[in-house]
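1. Give me a 3D structure for the following:
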Amino acid sequence: MKILSLSGFIPEEICDTIRFIGYQGEEKISHYCGYAADYISQVLEDDSIDGAVFPKSCDSCRIMGSYLSNCKEKFLYQFGVPARQDGAAETYLAAEIQQYQKAVEGYYKVSITDIPQRIQKVNERNKELISLYENIENISYKFYLKSIHDMLQKPLYEQTVLSELPDKPANGKPIYLVGSFLSNTELAATIENAGMKIVGDNLTESKRLFSGPKLDPSNDIYMDIAAKILHNHLSPTQNNFRCILKNDLEEIKYKNVQGVIFATQKYCEPYDYLFSIYKKMLDEQGIPVLQVVMSNSTDNRKLEFAVEAFADIL
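-> Presented below is the predicted three-dimensional model:
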């Protein structure tokens with residue numbers, strides 16, 4: 001099976017998926033999140049992809065099922081993701097995860113029996129990623145991010161974390177990076193080339209990937225996976241801006257960040273809403289912030305000008 005997944009809400013512990021990392025497709029809709037539109041394009045156009053799993057976490061994602069509904073020859077599954085993080089939300093998501101497992105088993109005619117082993121593998125991988133992130137200010141963020149993207153394209157049991165990555169200049173201006181999954185990894189290179197260094201982030205494929213609690217395979221696996229997903233470093237789609245701001249500000253202060261770069265995809269409303277509150281918080285702290293809006297996966301030249309100008313004012 002080769003299932004293309006969208007969002008960190010998709011549980012790796014159930015079965016292997018290929019993480020969507022950006023695609024220049026044909027499905028370009030002027031009022032529609034470009035990141036989600038690229039995902040739809042890859043599902044429809046890439047013959048090597050035989051399945052798609054995605055959440056109902058924002059307006060763009062909620063209507064994706066309609067765009068893909070005529071794709072009868074591929075496995076499709078859409079998660080209902082609760083906006084809350086309480087016990088009722090965990091129970092609901094645990095039931096969704098069980099239904100997802102049954103759907104995969106029914107479509108692919110397989111029996112999934114290795115969830116405890118997959119949980120252990122995720123625990124081990126995340127421990128290594130945490131160690132890498134704790135040293136993030138001393139390594140090239142461009143190579144760090146690329147190595148994670150490459151890793152997420154492999155089956156779980158084949159995923160390895162690079163222990164050694166190129167160093168970054170020690171005298172770069174410390175920057176914190178905010179955003180969703182950074183499909184355009186050239187932004188990281190642009191930031192470093194402009195004389196800045198990324199010392200922390202809240203990206204889906206970085207801190208949010210490994211921020212949840214370590215799971216115990218002997219517990220109720222579905223409830224544990226649901227709790228982990230809902231209590232990872234939060235997404236703005238989860239209706240808890242206060243927690244996001246508190247956690248990020250603590251890290252920003254601890255790492256003596258000089259500026260924040262806030263990367264969003266075009267027409268991504270949850271991050272647009274978050275940005276206005278985020279900027280207010282940073283203004284109160286006297287920390288400059290740059291919002292970078294990417295209209296597609298390869299929108300680079302405009303980014304370079306904006307990032308270079310931001311570096312000059314720090």
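
2. Now do the same contact list for residue 213.
-> Counting by C-beta atoms under 8 Å, 6 or more residues apart in numbering, residue 213 makes contact with 227-228, 231. (Glycine included, C-beta is placed from N, CA and C.)

3. top of those by neighbour count?
-> In terms of neighbour count, residue 227 stands highest of those at 22 neighbours, by other C-beta atoms under 10 Å.

4. What residue, apart from its backbone neighbours, is nearest it spatially?
-> Spatial nearest neighbour of residue 227, excluding adjacent residues (C-beta to C-beta, 6 or more residues apart in numbering): residue 90 at 5.0 Å.

5. which stretch of helix or strand covers the one you found?
-> Element membership for residue 90 (DSSP states H and E) is helix 87-108.

6. For residue 83, state which of the contacts of residue 213 is nearest.
-> Using C-beta to C-beta, residue 231 comes nearest to residue 83 of these, at 13.4 Å.

7. Contacts for the lowest-mean-pLDDT helix or strand in the chain, please.
-> Counting by mean pLDDT, DSSP states H and E, the chain has its least confident helix or strand at helix 59-62, which shows a mean of 80. With C-beta under 8 Å, 6+ apart as the test, helix 59-62 has contacts from 6-7, 32-33, 36, 54-56, 78, 267-269.

8. on contacts alone, who are the packing partners of the helix or strand that it is followed by?
-> As assigned by DSSP H and E, the chain's next helix or strand after helix 59-62 is helix 64-68. Secondary-structure packing of helix 64-68 (3 or more C-beta pairs under 8 Å, 6 or more residues apart in numbering; DSSP states H and E): helix 34-45, strand 75-79.

9. got the buried residues for helix 64-68?
-> Residues of helix 64-68 classed as buried: 64, 67-68 (neighbour count, 16 or more other C-beta atoms under 10 Å).

10. cool, stretch 156-164 as well?
-> Those would be 156, 159, 161, for stretch 156-164 by 16+ other C-beta under 10 Å.

11. average pLDDT for that stretch?
-> When pLDDT is averaged over stretch 156-164, the result is 88.

12. what about the strands in this protein?
-> Per DSSP state E, the chain carries strands over the ranges 3-5, 18-19, 51-55, 75-79, 173-179, 196-201, 259-265, 289-294.

13. and residue 138, which of these is closest to it?
-> strand 196-201 (8.9 Å).

14. Just the pLDDT for residue 254.
-> 95.

15. whoops, I mixed them up, residue 28
-> So residue 28 comes in at 52 (pLDDT).

16. Put together CSV for the contacts of helix 59-62, with pLDDT, neighbour count and distance to residue 216 on each row.
-> Shown next, in CSV, are the contacts of helix 59-62 (pLDDT from 0 to 100; neighbours: other C-beta atoms under 10 Å; distance: C-beta to C-beta, whole Å):
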residue, pLDDT, neighbour count, distance to residue 216
6, 89, 26, 28
7, 87, 24, 24
32, 59, 18, 41
33, 70, 23, 36
36, 81, 26, 34
54, 92, 25, 28
55, 91, 22, 25
56, 89, 19, 28
78, 94, 18, 29
267, 71, 19, 40
268, 74, 25, 35
269, 76, 14, 37
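
17. if we can go back for a sec, please identify the buried residues of the least confident helix or strand of the chain?
-> Per 16+ other C-beta under 10 Å, helix 59-62 contains these buried residues: 60-61.

18. re earlier: list the buried residues of the helix holding residue 90.
-> Those would be 89-90, 92-94, 96-97, 100-101, 104, 107, for helix 87-108 by 16+ other C-beta under 10 Å.
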